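My questions concern the predicted model and sequence given below.
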Amino acid sequence: MIKKKVLEDFPRIKLICRPTPLYRLENLTRVLGGPQILIKRDDLTGLAFGGNKSRKLEFILADAMNKGADTIITWGSLQSNWCLQLAAASKKTGLKPVLVLFQTYNLPFSYDGNILLEHLLEARIVVRETEISGKSIPPEVAFQMLQEVAQEEVAQGRKPYLVAVGGSIVGGDMDRPLGALAYFETAQEIAAQTGDSNLVPDWIVIASGSGATQAGLLVGARALGLKSRVIGICVSEPEEKFRPQVREIAERLIKILNLDLEIPKEEIILYDDYLGSGYGQITEEVSSTIRYILQTEGLVLDPVYTAKAMVGLIDLVRKGAFKPSEKVLFVHTGGTPALFAFRDRLIRPTA
């Protein structure tokens, strides 16, 4: 196993409860009659309803504080769970959170879901309309908007730190792939939780939206010599557009960790079959899967990320993509507060 000292060179602040639970989804496994399905509950990280982004923020906020920042500026879509996690972590550590929220899906602004919690956290919320719908905002466009907002903060005597959505791509003031670093460590956590019980997964299935979670798990699994292969279910971009982003993050991570690794093209596994009509679009399949998993396992999925990933996992099982003897680990990345803002679409989903 990779020595923990590998991560000691990177400053961090403690934000989460670890390890997050990992257990069998026995009912779902039985109903599907396929491989053994496990779940890693990164929706239970402990900060503001939990989520995978809290892991990343341990490294990212430490980097911001070491650079003398007193304000954190980022972007996301209107009900971005990343933005909520960042706002909560920032307030907890005495930093000012500034959130630029893009209306990238047909959802009106309201103090509901993640936005309600961001309001209670007294984050500065800047809402911007965009003609881009059903997919991610290009980073160059978003960073330009962040720079404009940052100038307003500087004029008030503050020192901002700019970071991309999801804490994934390098840019702004984050010059290392710190989000992926957190999930490199998570691969170690998964290995420790499953190694002694013979539950080491053959496959790890995640919702892949900005790339760092997939890249970190992929590099971590390779560095540890695990048999686990990582499947990313695309939630915002088609596979051919998103693949280079995952690869770039993985390669940057390998470089900062001084690992003697190469990631073959075939190991970056992405499925965009479950995008539907685009990012944040709630289809009947998404809505029915949320209900199905809640009724089968008492497990709440979010409508933007984990429900689409579960749609993908179930479909892959039914198509025979996994052997019956294999173990498939689903990583629940959080985002459940958005359920309430999307209530009408969950009750009456789009086509």
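Nice, thanks for sending it over. Numbering: from 1, shown residues only.

export stretch 67-85 as PDB, just CAs?
Output in PDB follows, covering the C-alpha atoms of stretch 67-85 (Å, rounded to 0.1, in the frame of the first residue of the first chain):
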ATOM      1  CA  LYS A  67      -1.700  31.500   0.100                       C
ATOM      2  CA  GLY A  68      -3.200  34.200   2.400                       C
ATOM      3  CA  ALA A  69      -6.700  34.100   1.000                       C
ATOM      4  CA  ASP A  70      -9.700  35.300   3.100                       C
ATOM      5  CA  THR A  71     -12.300  34.700   0.400                       C
ATOM      6  CA  ILE A  72     -13.100  31.700  -1.800                       C
ATOM      7  CA  ILE A  73     -14.800  32.200  -5.200                       C
ATOM      8  CA  THR A  74     -16.100  29.400  -7.300                       C
ATOM      9  CA  TRP A  75     -18.900  28.500  -9.700                       C
ATOM     10  CA  GLY A  76     -21.500  25.900 -10.300                       C
ATOM     11  CA  SER A  77     -25.000  25.300 -11.600                       C
ATOM     12  CA  LEU A  78     -28.000  26.700  -9.700                       C
ATOM     13  CA  GLN A  79     -28.300  23.700  -7.300                       C
ATOM     14  CA  SER A  80     -24.600  22.900  -7.200                       C
ATOM     15  CA  ASN A  81     -23.800  20.700  -4.200                       C
ATOM     16  CA  TRP A  82     -20.100  21.600  -4.700                       C
ATOM     17  CA  CYS A  83     -21.000  25.200  -4.000                       C
ATOM     18  CA  LEU A  84     -22.900  24.200  -0.800                       C
ATOM     19  CA  GLN A  85     -20.000  22.100   0.400                       C
END
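
Mind listing what's buried along that stretch?
For stretch 67-85, a neighbour-count test (16 or more other C-beta atoms under 10 Å) marks 69-85 as buried. Backbone N, C-alpha and C define where each C-beta goes, glycine included.

Likewise for stretch 313-328?
Leu313, Ile314, Asp315, Leu316, Val317, Ala321, Phe322, Lys327, Val328.

same deal with stretch 255-271?
Those would be Ile256, Leu257, Ile263, Ile268, Ile269, Leu270, Tyr271, for stretch 255-271 by 16+ other C-beta under 10 Å.

can you map out the helices along the stretch 201-350 of the chain?
In the stretch 201-350 of the chain, the helices defined using DSSP state H, counting those that start in this stretch lie at 212-224, 239-256, 284-297, 306-318, 338-341, 343-347.

Direction-wise, compare the second one with helix 212-224 and give the angle.
Put simply, helix 239-256 runs at 50 degrees to helix 212-224, going by axes from the mean of the first three to the mean of the last three C-alpha atoms, to 10 degrees.

Average pLDDT for helix 239-256, rounded please.
Mean per-residue pLDDT for helix 239-256: 96.

and that helix, which residues are buried?
Glu239, Phe242, Arg243, Gln245, Val246, Arg247, Ile249, Ala250, Arg252, Leu253, Ile254, Ile256.

quick one: which of these is nearest to Gly216?
Leu253 (6.5 Å; C-beta to C-beta).

Can you list which of the buried residues of stretch 255-271 are found in strands?
By the criterion of DSSP state E, membership of the buried residues of stretch 255-271 in strands covers Ile269, Leu270, Tyr271.

Please enumerate the helices of the stretch 1-150 of the chain.
Using DSSP H, counting those that start in this stretch, the helices of the stretch 1-150 of the chain run over residues 5-8, 26-32, 53-66, 81-92, 113-120, 139-155.

the domain parsing of this structure - what is it?
5-51+177-347, 53-167 (automatic domain parsing).

Now find how far off-centre the last one is within its chain.
Translated: domain 53-167. The gap between the average C-alpha position of domain 53-167 and the chain average comes to 15 Å, counting by C-alpha atoms, centre = their mean, to the nearest Å.

need the helices of the stretch 1-150 of the chain in a markdown table with mean pLDDT and distance to Ser168, can you?
Putting the helices of the stretch 1-150 of the chain into a markdown table (pLDDT from 0 to 100; distance: least, C-beta to C-beta, whole Å) gives the following:
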| stretch | mean pLDDT | distance to Ser168 |
| --- | --- | --- |
| helix 5-8 | 76 | 18 |
| helix 26-32 | 97 | 29 |
| helix 53-66 | 98 | 8 |
| helix 81-92 | 98 | 9 |
| helix 113-120 | 98 | 18 |
| helix 139-155 | 96 | 10 |
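
just those helices: most buried one?
helix 81-92 (a mean of 26; mean count of other C-beta atoms under 10 Å).
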